[in-house]
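Asks: Make a model of this:
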Amino acid sequence: MKGAKSKTETRSSKLSVTKKPAKGAGRGKAAAKDPNKPKRPASAFFVFMEDFRETFKKENPKNKSVATVGKAAGDKWKSLSDSEKAPYVAKAEKRKVEYEKNIKAYNKKLEEGPKEDEESDKSVSEVNDEDDAEDGSEEEDDD
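Replies: A predicted model of the protein is given here:
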């Protein structure tokens, strides 16, 4: 067929699929996490998991699967009565109270703002570069 268009030429641009950006892609960068911020306390189940992992590893030394340990711990936790869970709940509450105290102190420190003793946002190399630039200009003036 003379003058016939190929299949790729006949497709209109209206039929093409446009991909939308992924969720959250349009937003700005997330704020950097502060390494000094206190970590949230573990729940009663995770306090239980700390003890359970040790006993499970002793009973099943060849088992390396994290999923198996988690599944066994979940089943055991569900089978425990409230009185058996009480020590773990108490430990979790104690950690929660300590966390709340630490987070209040952390937030208070943030409100006060950075002190003059603390490092600035500039890295050590940036500070050294500024010092080098100042030293270089003074040497040129001495000549």
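
Asks: tell me the helices in this structure, going along the chain?
Replies: 7-10, 44-59, 66-79, 82-112, 124-142 (DSSP state H).

Asks: most neighbours per residue, which of those helices?
Replies: helix 44-59 (a mean of 15; mean count of other Cβ atoms under 10 Å). The way it works is simple: take the backbone N, C-alpha and C, and place the C-beta from them, glycine included.

Asks: Report the angle between that helix and helix 82-112.
Replies: 120 degrees (axes from the mean of the first three to the mean of the last three Cα atoms, to 10 degrees).

Asks: Pull the residues that contact helix 44-59.
Replies: 42, 63, 69-70, 72-73, 76-77, 80, 85, 88-89, 91-92, 95 (Cβ atoms under 8 Å, 6 or more residues apart in numbering).

Asks: just to revisit the earlier point, nearest to P38, out of the helices of the chain?
Replies: helix 82-112 (4.1 Å; Cβ to Cβ).

Asks: tell me the mean pLDDT for the closest one?
Replies: Averaging pLDDT along helix 82-112 yields 94.

Asks: Stretch 31-46 too?
Replies: Averaging pLDDT along stretch 31-46 gives 90.

Asks: Can you give me the end-to-end span of that stretch?
Replies: One end of stretch 31-46 to the other measures 28 Å (Cα to Cα, to the nearest Å).
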